[in-house]
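Peer 1: Got a predicted structure plus its sequence, pasted below:
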Amino acid sequence: MTTSWTADDLSFLDAAQELEIAVGSRRWTPIWVVCADGQVYVRTWYRRDTGWFGDAVRSRSAHIRVPGLDAEVTIEDIGTASARVTAAVDAAYRTKYTGGGTDAMVTAEAAATTLRLDRR
């Protein structure tokens, strides 16, 4: 069962430079996180079946943490299913992360890796 993110949850996630994610027995992995339209999203540079991303897509669940928040999540692989969501997530990445690496996170290849995290 999923629940909505609270305003405090979204604030903690938005303030964090990185979210730590643990999928199954995998160690914590730091990744960039953005909030858009009251939802939480993560991406990787390119789609792959290995590492945290492959495990997350297969298991559809994970544990996340940022300062002030520790939560179990379900994972929805949305890729580029919605042009509106893709544009909102791209804008959130551009706003939150300026400088090195940001351009790579808003390419079509990176957008295809978009995962929505829903609080459990």
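Peer 2: Received, thanks.

Peer 1: count of neighbours near residue 116?
Peer 2: Neighbours of residue 116 under the rule other Cβ atoms under 10 Å: 18. C-beta coordinates here come from the backbone N, C-alpha and C atoms, glycine included.

Peer 1: what's near enough to touch the closest residue to it other than its chain neighbours?
Peer 2: The shortest distance from residue 116 to any non-neighbouring residue, by Cβ to Cβ, 6 or more residues apart in numbering, is to residue 76 (4.4 Å). Shown in contact with residue 76 (Cβ atoms under 8 Å, 6 or more residues apart in numbering): 60, 115, 116, 117, 118.

Peer 1: One more pass at 10 Å, please.
Peer 2: By Cβ atoms under 10 Å, 6 or more residues apart in numbering, residue 76 lies in contact with 2, 39, 41, 57, 60, 114, 115, 116, 117, 118.

Peer 1: I'd assumed it was in a strand, is it?
Peer 2: Yes: under DSSP: H, G, I helix; E, B strand; the rest coil, residue 76 falls within a strand.

Peer 1: Distance-wise, check it relative to residue 39.
Peer 2: Separation of residue 76 from residue 39 (Cβ to Cβ, to the nearest Å): 9 Å.

Peer 1: Can you check which residues contact both of the two?
Peer 2: Common contacts of residue 76 and residue 39 (Cβ under 10 Å, 6+ apart): 116, 117, 118.

Peer 1: Can you show me the helices along this protein?
Peer 2: According to DSSP state H, the chain carries its helices in the segments 7-15, 51-59, 83-96, 108-111.
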